[in-house]
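Student: Output the structure for:
(chains A, B, C and D)
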Protein chains: 2
Amino acid sequence: MVVYAGQGDARRSMALLWRGERPDERPAPGPKPELSVDLIVDTAVAVADEHGMAALSMRAVAERLGRSAMSLYTYVASKNELIDLMYDHAFAELADAVEGETERPWRTAATAWAEHLWRFSLRHPWTLQVSHARPVLGPHEYRVFEALALVLDRAGLGPSDVRNAFGSLFNLVRGLVRTSAEARQALAATGTAEDEWWHARSAQLEEVAPDFDTRFPTLAAMAEGGAFANDDEDQPYLEQEAWQTLRFGMGALLDGIERRLTATTDGQPR
Amino acid sequence: MVVYAGQGDARRSMALLWRGERPDERPAPGPKPELSVDLIVDTAVAVADEHGMAALSMRAVAERLGRSAMSLYTYVASKNELIDLMYDHAFAELADAVEGETERPWRTAATAWAEHLWRFSLRHPWTLQVSHARPVLGPHEYRVFEALALVLDRAGLGPSDVRNAFGSLFNLVRGLVRTSAEARQALAATGTAEDEWWHARSAQLEEVAPDFDTRFPTLAAMAEGGAFANDDEDQPYLEQEAWQTLRFGMGALLDGIERRLTATTDGQPR
DNA sequence: CAAGTCTCCTTATGCCGTAAACTAGCGTTC
DNA sequence: GAACGCTAGTTTACGGCATAAGGAGACTTG
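Tutor: Reported below is the predicted structural model:
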């Protein structure tokens, strides 16, 4: 499921996203509301955290609140709008974490940013399924973006390169953590552990492609060379691999960015 | 929608994926089949290409073939298995493109690989929604992996670093092209063009957050500095941005990889 | 021709988002 | 204090989804 933000009434959604210190409390006629937008959003986040985006339904959220599904529509225009609100609500957590790190040296700060994003994405894997094609444009997402942009700006990159470096870092992390998150979700969704699954599949692979090693010599040699070895039996292999790849990729990417930095400032990074 | 591969009967799925030069044509009793796995897979790919993964339903595929949805289950165990087959079938196209480029100098070859993956992903955006947590393990996916692994191996990286460099490159491209693909899908799904959408949203943003520039000074300064300018009015902004970010990110990442190369081989890359 | 097997169909179950119409609670205004 | 009109929440219903179950007819093999 991929979700596009902001299809509903822009005025309404944006007002909800940026609400906050609204006093706005003149009592309305009609029965006292028993729910609230915040309560619904919290509950929806809990459902999505526990059972994944696929299990997030209006009925599921309502059931937790002891209401009918339709009652949610009093507070929220559609499921899409609810997801926008969930997204930005969750990002507040990441923003708090990330804003504390901007004062460090830029490479340290950028790495910390990436690792916060990593852990956040594993805590809230459903956020990875909210499309960036129509960004949510909520305040907390902006806080997270501002934090990394600030770090890269201070490092001495120009506006366009801040944007480019930002996008590269963000997508590298997002892509890799997705694999890690999906590994966990796949376990939860299918009930089959990774090694168990791999065991069954690789047996079949051998049977069906006995000439694998000659058809794919480099991959075979890599396997032989221990590239896909499981160092730590306690942790699923895919999560290890993704994390190691992140360390490598972040290192290499930051090196490349640093080179551009010294190149444009004549060897004098500020 | 995120799809996990390989939940069905491993034997059955793997046999279908790696079938190919099967003669295996002793006539069976019962009525002549009017469909075939290949026909169904082709049709399903066409549906997904045209209308996206969300519109891919057993009913939609069957309707194109003038059959009932249930008739497909004679050939394919489940929708998940069908997606596995679609995925590897599509990858054949990428494999053909990518295998022709391995002989070039490693940086050129790696860049070409990335760009083939980019264009392929835009032609078949639904492939971006197939999870890698439980890889499909089809022959054509392996061909694509082998091609880049070969290039990186020849460049002089060790097995683990081939894996790390591979994962970094692959996820950088996949993450960025996803934005590009989703921009197109969002247009098709919502009917609202990007600039139109942005126009409405940014007006609301100004209204609801008049203090934006002081709250997010770096982002505001970047906008001021032209970091988010649309160079080419004919192309949607997000696609331009994603492509430029890819150029930057690939360059930086390959620089970083090259540094590791010369470091480990004492300045003598093979 | 009979038996066995295979393709394809219809029907049904239990999910989903949400439209529509309704009931009942409550502040406001005469 | 009665009437009005807004509002929170309900029930019911529609059209979508994957797929389980079972049945009708077509075809090959004995």
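Student: show me the contacts for the residue of chain A most remote from its centre.
Tutor: Most distant residue from the mean C-alpha position of chain A: residue A:29, 41.0 Å away (CA atoms, centre = their mean). Contact analysis of residue A:29 by CB atoms under 8 Å, 6 or more residues apart in numbering or on different chains lists nothing. Heads up, the C-betas are built off the backbone N, CA and C, glycines and all.
Student: residues from the stretch 51-200 of chain A in reach of DNA strand D?
Tutor: A:62, A:67-71, A:74-75 (CB under 7 Å from any atom of the strand).
Student: same thing but at 10 Å, please
Tutor: A:59, A:62, A:65-75 (CB under 10 Å from any atom of the strand).
Student: For the residues you listed, pick the one with the most neighbours.
Tutor: Greatest neighbour count in these, by other CB atoms under 10 Å in any protein chain shown, goes to residue A:72: 22 neighbours.
Student: List the residues that contact that residue.
Tutor: So residue A:72 contacts A:35, A:40, A:58, A:61-62, A:82 (CB under 8 Å, 6+ apart).
Student: And for residue A:175?
Tutor: Contact analysis of residue A:175 by CB under 8 Å, 6+ apart lists B:170-172, B:174-175.
Student: now it: how far from residue B:94?
Tutor: According to CB to CB, to the nearest Å, residue A:175 stands 17 Å off from residue B:94.
Student: Which phi and psi values does the residue farthest from the centre of chain A adopt?
Tutor: Torsion angles at residue A:29 (phi, psi; degrees, to the nearest 10) stand at phi -70, psi 170.
Student: on that earlier part again, among the residues of the stretch 51-200 of chain A next to DNA strand D, list the two that are farthest apart in space.
Tutor: Spanning the widest gap among those are A:66 and A:73, at 16.3 Å by CB to CB.
Student: Name the helix or strand for the closest residue to DNA strand C within chain A, please.
Tutor: Proximity of chain A to DNA strand C (CB to the nearest atom of the strand) peaks at residue A:30, 2.9 Å away. Using DSSP states H and E, residue A:30 sits in no helix or strand.
Student: when you compare where the biggest helix by length in chain A runs with where helix B:159-190 runs, what's the angle?
Tutor: Scanning chain A for the longest helix, with DSSP state H as the assignment, gives helix A:159-190. Here helix A:159-190 points in a direction 90 degrees away from that of helix B:159-190 (axes from the mean of the first three to the mean of the last three CA atoms, to 10 degrees).
Student: Averaged pLDDT, helix A:159-190. What do you get?
Tutor: Averaged over helix A:159-190, pLDDT sits at 92.
Student: Can you give the distance of it from its chain's centre?
Tutor: Helix A:159-190 has its C-alpha centroid displaced from the chain centroid by 6 Å (CA atoms, centre = their mean, to the nearest Å).
Student: What is the next helix or strand after it packed up against?
Tutor: Moving toward the C-terminus from helix A:159-190, the next helix or strand (DSSP H and E) is helix A:194-208. Using 3 or more CB pairs under 8 Å, 6 or more residues apart in numbering or on different chains; DSSP states H and E, the elements in contact with helix A:194-208 are helix A:159-190, helix A:237-264, helix B:10-17.
Student: Quick check: which of these is buried the most?
Tutor: helix A:159-190 (a mean of 22; mean count of other CB atoms under 10 Å in any protein chain shown).
Student: is that one anywhere near DNA strand C?
Tutor: No: applying CB under 10 Å from any atom of the strand, one finds helix A:159-190 separated from DNA strand C by no less than 14.6 Å.
Student: relative to helix A:194-208, how tilted is that helix?
Tutor: For helix A:159-190 against helix A:194-208, the angle by the same axes, to 10 degrees is 90 degrees.
Student: how long is stretch A:208-227 end to end?
Tutor: Terminal residues of stretch A:208-227 are spaced 23 Å apart (CA to CA, to the nearest Å).
Student: Residue A:206 is in contact with residue A:212, isn't it?
Tutor: Yes: between residue A:206 and residue A:212 there is a contact under CB atoms under 8 Å: 7.2 Å.
Student: who has more neighbours, these two?
Tutor: residue A:212 (18 against 11).
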